[in-house]
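# Model the structure of this input:
(2 chains)
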Amino acid sequence: MSENKLARTMAAFFSPANRPALFAVGLLLVLPPVAAVVNTGTDDEARLPFWEIAGQEVSIRLVQRLPDQTRGFFQARGFSVADSELIAQGCVFQTVFKNLSPATEPVRIEYDLREWVVHAAGAQHGMKTREDWKKIWTARRAPQAARLAFEWGLLPTRQTYGPGDYNWGMSVFGLAPGTPFELDVVWYQNGERRAVRVQGMRCAADVHPAP
Amino acid sequence: MNTPRRQFLRYAGLSLWFALGVAHAAGNDAAQTLQPLAKPFVAPDFTLPDDDGNTHRLSDYRGKVVVLNFWATWCPPCRYEMPSMERAHKKIQGEQIVLLAINVGESEDRVFEFTGQYPVTFPLLLDTEGAIIKKYPVIGLPTTFVIDPRGVVTHRAIGGREWDDEQLLARLRRLLKP
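Predicted coordinates:
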C-alpha cells in the first residue's frame, strides 16, 4: 500500500461520519465487562420458578418456596400453627449464594442483607434479618428447637465467602403470597460494590387444593 | 444402642446414599477449597454425646487433624456432602485424621432417622441446645473447621465439599507434618 493510499484510508476511517461508531468501540474498550446477568427459569430440584444473578465470580439464585412447604417445614421443627403461618405468609424464597471464583484467582465476596431492598406496589422496605426474627420469637415464646432451626435455616445477615464457599438459606421478603416485586441485591467483590435490581419476581401463591 | 433395627435402617439406605452421592458429585462443579484463616485460633473445647451414646471430648483428639463439621438434617448442602464425608472417613482409616460432625439443635431420634437414609460410620455429635456452635464462628450451615494436631483451627469451609477429593485430603495430610 502506498503512503498516499494509507493516508487516504486512515482519513476515511477517522472521518466525522465514522465518529459515533468509533466512540462506541472506544466505550466498549474502556468500560468494565458486564458484571452479572439475571436468568430466570424453573429450578430443577424445587420445580419452582427461580431468579438468578449470574456472574463470573458469583451466583445468587432465589427460588420460590410454596407457603405449604414452609408451613410443613417449620411445624415439623416445633413451631406452633400460628407461628409457622406467620412465616409461610411472608413470601419465603430459598437463596443459594455462591462464590464461583477459582482458588488460583481468589475473589472475596461479601454481602449484608440490610442493604437489600424490596420494591412492591410503589413502596419499599428492607429485609427482616435473623436478629429481627429473634426478637419476634422471644416475644412469641417459640420453643428453643424451633428457634434454632429458624436461625440456622435463614440466609445469614452478613457473610464473607472465599473461593468455593456457598450458603443455602431462606429469605423472607415480608409480602403476601402471589405479590409481584423487585429486589435490589447488593454484594461486594474484593471490596467493590455491585448491585442488581432483579425485576419480575413474584411470591408463590398460597394454593389450597379443593376438597 | 446398636440394635438390629438401627443397623438395618442404617444399611437399608445405602443404595439411596450411594445414588445421591454419585449424582451430586457428577453435578458438582464447585472448587474443593479450604480457606486458611487469617487469624487461626485455639479450638474451643467441648464434650458432646454422639448418636450411639458415646461421649467425645475434642481435646482427646489432640495430636490428630480434626475435621469438625456443623450440620443439620434439614440443610440440603449438609445432606449432599455427607456421603463424601463417609467416603473420606473410609479413605483415612488408620491415619491421624478424624471427622466429627456436630448436629445443631435436633433430637437423637431425628438424627437416627437421618442415618437410615445416609448411613455413616464416623461420629455424629449432638448439640441439641445449640450451645457448642455458638463457641465457633459459624454463620451458616454447613460450616467445617480444620483443627491441626496442636488444637488450633487453621482452615474453614463454608458450604458443602467433596471431602474425599484427593487434593483436599492431601491438604489435610500436610497438616500432620510438623
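
# Give me the pLDDT value at A:A210.
What the model reports as pLDDT for A:A210 is 61.

# just A:A139 next, same as before
97.

# same check, this time on A:M10
Reading off the model, A:M10 has pLDDT 56.

# swap in A:P32?
Value listed for A:P32 in the pLDDT field: 44.

# Can you classify the residue nearest in space to the middle of chain B as helix, strand or coil?
For chain B, the residue nearest the mean C-alpha position is B:A101 (3.4 Å; C-alpha atoms, centre = their mean). The three-state assignment at B:A101 reads strand, by DSSP: H, G, I helix; E, B strand; the rest coil.

# ditto for B:S59
helix.

# what's the spacing between it and A:V198?
47 Å (C-beta to C-beta, to the nearest Å). Yep, even glycine has a C-beta here, placed from its N, CA and C like the rest.

# Check which element follows the helix or strand of chain B with the lowest mean pLDDT along the chain.
When each helix and strand of chain B is scored by mean pLDDT, DSSP states H and E, helix B:14-27 comes last, with a mean of 41. Note on helix B:14-27: by DSSP states H and E, the next helix or strand toward the C-terminus is strand B:35-42.

# same for that following strand, what does it pack against?
strand B:152-158 (3 or more C-beta pairs under 8 Å, 6 or more residues apart in numbering or on different chains; DSSP states H and E).

# cutoff 10 Å now
Contacts defined by 3 or more C-beta pairs under 10 Å, 6 or more residues apart in numbering or on different chains; DSSP states H and E place strand B:35-42 against strand B:143-147, strand B:152-158.

# Can you confirm whether the last one lies near chain A?
What it means is strand B:152-158. Yes. On the criterion C-beta under 10 Å from any C-beta of the partner chain, strand B:152-158 is in touch with chain A at B:156-158.

# if I look at A:G41, how far off is chain B?
16 Å (C-beta to the nearest C-beta, to the nearest Å).

# which residue packs closest to that residue, ignoring adjacent ones?
With C-beta to C-beta, 6 or more residues apart in numbering or on different chains as the criterion, A:G41 has its nearest non-adjacent residue at 6.1 Å, and that residue is A:F50.

# show me what contacts the one you found?
A:39-44, A:61-64, A:93-94, A:96, A:201 (C-beta atoms under 10 Å, 6 or more residues apart in numbering or on different chains).

# Then A:V58?
Counted by C-beta under 10 Å, 6+ apart, A:V58 has contacts A:35-36, A:97-101, A:107, A:109, A:111, A:161, A:187, A:189, A:194.

# Averaged pLDDT, the longest helix anywhere in chain B. What do you get?
Across chain B, the longest stretch assigned as helix under DSSP state H is helix B:76-91. Mean per-residue pLDDT for helix B:76-91: 97.

# cool, and stretch A:62-69?
Here the average pLDDT along stretch A:62-69 is 97.

# Now do the buried residues in that stretch.
A:62-67, A:69 (16 or more other C-beta atoms under 10 Å in any protein chain shown).

# still on that earlier bit, where does the residue nearest to A:G41 land in three-state SS?
strand.

# what's the spacing between it and chain B?
Taken as C-beta to the nearest C-beta, the span from A:F50 to chain B is 14 Å.

# For B:I158, see how far away the closest residue to A:P106 other than its chain neighbours is.
Spatially, and ignoring its direct neighbours in sequence, A:P106 is nearest to A:P163 (4.8 Å; C-beta to C-beta, 6+ apart). Separation of A:P163 from B:I158 (C-beta to C-beta) stands at 11 Å.

# Spell out which residues are contacts of both of those two.
By C-beta under 10 Å, 6+ apart, the residues touching both A:P163 and B:I158 are A:99, B:33, B:35.

# Dig out what A:V63 forms beta bridges with.
Beta-bridge pairing for A:V63 (DSSP bridges): A:F50, A:Q94.

# Test my guess that it contacts A:T95.
Yes. With contact defined as C-beta atoms under 10 Å, A:V63 and A:T95 form a contacting pair (7.7 Å).

# residues touching B:G94, list them.
With C-beta under 10 Å, 6+ apart, B:G94 has no contacts at all.

# next one: B:V152
B:37, B:40-43, B:146, B:175.

# Wasn't A:D83 part of a strand?
No. With three-state DSSP as the criterion, A:D83 is located in helix rather than a strand.

# how near is it to A:K134?
For A:D83, the distance to A:K134 (C-beta to C-beta) stands at 13 Å.

# overlap in contacts of those two?
What both A:D83 and A:K134 touch, as defined by C-beta under 10 Å, 6+ apart, is the set A:142, A:147, A:150.

# those strands in chain A, which residues are they?
A:36-42, A:49-55, A:58-64, A:92-99, A:109-112, A:117-120, A:123-126, A:158-161, A:166-172, A:180-189, A:192-202 (DSSP state E).
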